[in-house]
Structures are given as structure tokens and as C-alpha cells.
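A.B. asks: Provided below for reference: sequence and predicted model.
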Amino acid sequence: MIRARHLAVLSAVLFGVAAGVGGFTFLYAKGGSYLGHDPAACANCHVMKEQFDGWAKSSHRSVAACNDCHAPHSLIPKLAVKAENGFRHSLMFTTGRFHEPIRITPRNRAVTEETCRHCHEEIVDAMVAFDDDAHRPEDAVSCIRCHGAVGH
């Protein structure tokens, strides 16, 4: 009986400590800002300032925010990408284990490529119709390989 009580107290203390540290970190890192669609949230970290400033000066500013290009358009995949990126970003920035300048991950590169082709579908279709090989979606050609600075 005593062991069960000690285990319950220890569990409650550990839970309290984890919740306290997690809550402080969430507030300190402005975690709530990442739940929305405001592009300024992406500039919370100094590593993203250059990309945010570039976006603010780009033509994409009037038609797309960060999530429009860097998250899938359907709800569940979008939430999954935001959750994964949020965890990874908070871990990397908290531990200081991030590459500077920031680099896009292969998975995020694929998401961004897909959103380019989604929003610019008419252009991609016209290029495929005009050019027999170079711009086919199933080929290894990447929109962001040549147009990587667009939007930033």
C-alpha cells in the first residue's frame, strides 16, 4: 500500500515538473503563435528572419503565407507536418543543434514542391504540354531547385 502511494506521489511530481517545464517553454517560445496562420510566427526565431524578410518583399506575400507553401493543403496532413516541424524546431532551437543558414528537410522539400505544383497547376500543365520531357511532375525536375528563392 505504501509503495503504491509513493509511486502515485512520484508520478504526480514528475507530471507536474514536465507540465511546468513544458508550459514555460511553450509560453517562452510563443508556442501559441504557431497554431495559427500568421507569417510573423515563422520569424519568432532569428534563423528564419532572412526568409521572413524575403517573403515580405516578394510577390507571394499578397497571395500566400508560410503555411500555404510549407504545409499540405488538406487538414490532417497539414496538422501532422506542423506538429512534426514544431517539435523538431523547438528541439533544435532549444538545444542549439540547428544548421545556419537553415536548410529544408527532404520531407519539407517534397511538401513545398507539391504545393508549388498545386497552386501553379495550370502553368505546370502548360509546360508539360509544351515541353515533352523537362517539366513532367513524375520526373526528377524540381520547381524549387530552380525557383528556390521565389517566395523568400
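C.D. replies: Alright, I've got the coordinates. Because the structure is predicted, anything quoted here is derived from the model rather than measured. Residues are numbered from 1 along each chain as shown.
A.B. asks: residue ranges of the strands in the protein, please?
C.D. replies: In the chain, no strands are defined using DSSP state E.
A.B. asks: how about low-confidence regions in it?
C.D. replies: Low-confidence segments of the chain (pLDDT under 70): 1, 129-141.
A.B. asks: Now the spatially most central residue of the chain. Nearest residue, chain neighbours left out?
C.D. replies: With distances taken as CA atoms, centre = their mean, the chain has Asn85 as the residue nearest its mean C-alpha position (4.9 Å). Leaving aside its chain neighbours, Asn85 sits nearest to Asn108 (7.1 Å; criterion: CB to CB, 6 or more residues apart in numbering). All C-beta atoms are positioned from the backbone trio N, CA, C, and that covers glycine.
A.B. asks: Verify the contact between the one you found and His70 for me.
C.D. replies: Yes - using CB atoms under 8 Å, Asn108 is in contact with His70, at 6.4 Å.
A.B. asks: These two: which has the busier surroundings?
C.D. replies: Set Asn108 next to His70 and count neighbours by other CB atoms under 10 Å: His70 wins out with 21 against 16.
A.B. asks: Contact partners for the residue nearest to Asn85?
C.D. replies: Listed by CB atoms under 8 Å, 6 or more residues apart in numbering, the contact set of Asn108 reads 70, 81, 85.
A.B. asks: how close does the nearest residue to Glu84 once chain neighbours are set aside get to Val150?
C.D. replies: In space, and not counting its chain neighbours, Glu84 is closest to Arg107: 7.9 Å by CB to CB, 6+ apart. Separation of Arg107 from Val150 (CB to CB, to the nearest Å) stands at 20 Å.
A.B. asks: Among those two, which residue is more densely surrounded?
C.D. replies: Higher neighbour count among Arg107 and Val150: Val150, with 15 against 11, using other CB under 10 Å.
A.B. asks: Return the set of buried residues in stretch 119-127.
C.D. replies: By 16 or more other CB atoms under 10 Å, the buried positions in stretch 119-127 come out as 119, 124.
A.B. asks: Likewise for stretch 13-27?
C.D. replies: By neighbour count with 16+ other CB under 10 Å, stretch 13-27 contains no buried residues.
A.B. asks: then it to CSV, C-alphas only?
C.D. replies: Output of stretch 13-27 as CSV, limited to C-alpha atoms (Å, rounded to 0.1, in the frame of the first residue of the first chain):
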residue,chain,number,x,y,z
VAL,A,13,5.5,15.2,-9.1
LEU,A,14,7.1,14.1,-12.4
PHE,A,15,3.9,15.0,-14.2
GLY,A,16,3.9,18.4,-12.5
VAL,A,17,7.5,19.1,-13.4
ALA,A,18,7.0,18.1,-17.0
ALA,A,19,3.9,20.2,-17.3
GLY,A,20,5.6,23.2,-15.7
VAL,A,21,8.7,23.0,-17.9
GLY,A,22,6.5,22.3,-21.0
GLY,A,23,4.2,25.2,-20.2
PHE,A,24,7.1,27.6,-19.6
THR,A,25,8.8,26.5,-22.8
PHE,A,26,5.5,26.9,-24.7
LEU,A,27,5.0,30.4,-23.4
